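Trainee: below: sequence and its predicted model.
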Amino acid sequence: MTKAAILIIEDDADIQELLSVSMKREGWHLFQAKTGEQGLELLKKEKINCILLDIMLPGMDGLKVLKKIKENEQSRNIPVIMTTARGEEADIVTGLELGADDYVVKPYSPKVLIARIRAGLRRQEEGGTENTSWQQGKLRLDAGRHEAYCDEKLLDLFATEFALLQHFISHPDLVFSRNQLIAAIRGPGYPVTDRSIDVQILGLRKKLGAAGNMIETIRGVGYRFRVLSREDEHDYIP
């Protein structure tokens, strides 16, 4: 995806300058903000394709900014990559719970970060152009429209939750390890904790309601999307 608009919300001037040089080489249009408040204002005025958001910001911290981004209908589907110097699992999990699509721990290589941005932009493009749909029981997913339904009610899913549901519903009755799920939605070799993928699946199950039981935990292995028979559909979906 060329000429994508990237918003960097980062208060460190040296990092801003480093990223500016690297990203302009990619042909991307760059917007920069030193505070969360400035970043949110830019989101109102500009069409942004991806956001890099530091957790440690003056004033409103990155997690609060992320929450506001995901609460806004116009910005909630924009991929957000969290950057943090802490590297603590609790921060990462909190960011994922709030709807972050990715995270990078400082210090990081600009090449690695650019690869993450490319992946996020590619997922966004593929999700908008692929014309494939699936239905299992009362769950229905349309990848072309980027919409998922349960009992004909539109589900309010974050990008990662949608990607997980799409992978599950398109591969029914297959058991996937956590690493396999991560590779399927992020790419092979992607560094993430088991706890992080568990949090994403927990959030997806909650949004699916009773149908969330179709995503089964296979102890010691991972997860499976179980296809329901006509007889037991009523036990899962009211």
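Mentor: All right, it came through fine. Numbers count the residues shown, from 1 in each chain.
Trainee: spatially central residue for the protein, please.
Mentor: Asp101 (2.7 Å; Cα atoms, centre = their mean).
Trainee: gap between that one and Val112?
Mentor: Asp101 sits 15 Å away from Val112, going by Cβ to Cβ, to the nearest Å. For the C-beta atoms, the positions are set from N, CA and C on the backbone; glycine is no exception.
Trainee: one step back: so what's the residue nearest to the centre of the chain closest to, chain neighbours aside?
Mentor: Pro79 (4.5 Å; Cβ to Cβ, 6 or more residues apart in numbering).
Trainee: so what's the one you found up against?
Mentor: Each residue near Pro79 by Cβ atoms under 8 Å, 6 or more residues apart in numbering is listed here: Asn49, Cys50, Ile51, Asp101, Asp102, Gly120, Leu121, Arg123, Gln124, Ala159.
Trainee: same thing with Ile8?
Mentor: Ile8 neighbours (Cβ under 8 Å, 6+ apart): Gln16, Leu19, Ser20, Leu30, Phe31, Gln32, Ala33, Ile51, Leu52.
Trainee: of these, which belong to helices?
Mentor: In this view, the contacts of Ile8 that belong to helices under DSSP state H are Gln16, Leu19, Ser20.
Trainee: picking up where we left off before, tell me the two of the contacts of Ile8 that are most distant?
Mentor: By the measure Cβ to Cβ, Ser20 and Ile51 form the most distant pair in the contacts of Ile8, at 15.2 Å.
Trainee: those two: which has the busier surroundings?
Mentor: Ile51 (28 against 14; other Cβ atoms under 10 Å).
Trainee: once you drop chain neighbours, what's closest to Ile9?
Mentor: Closest residue to Ile9 apart from its sequence neighbours, by Cβ to Cβ, 6+ apart: Gly39 at 3.8 Å.
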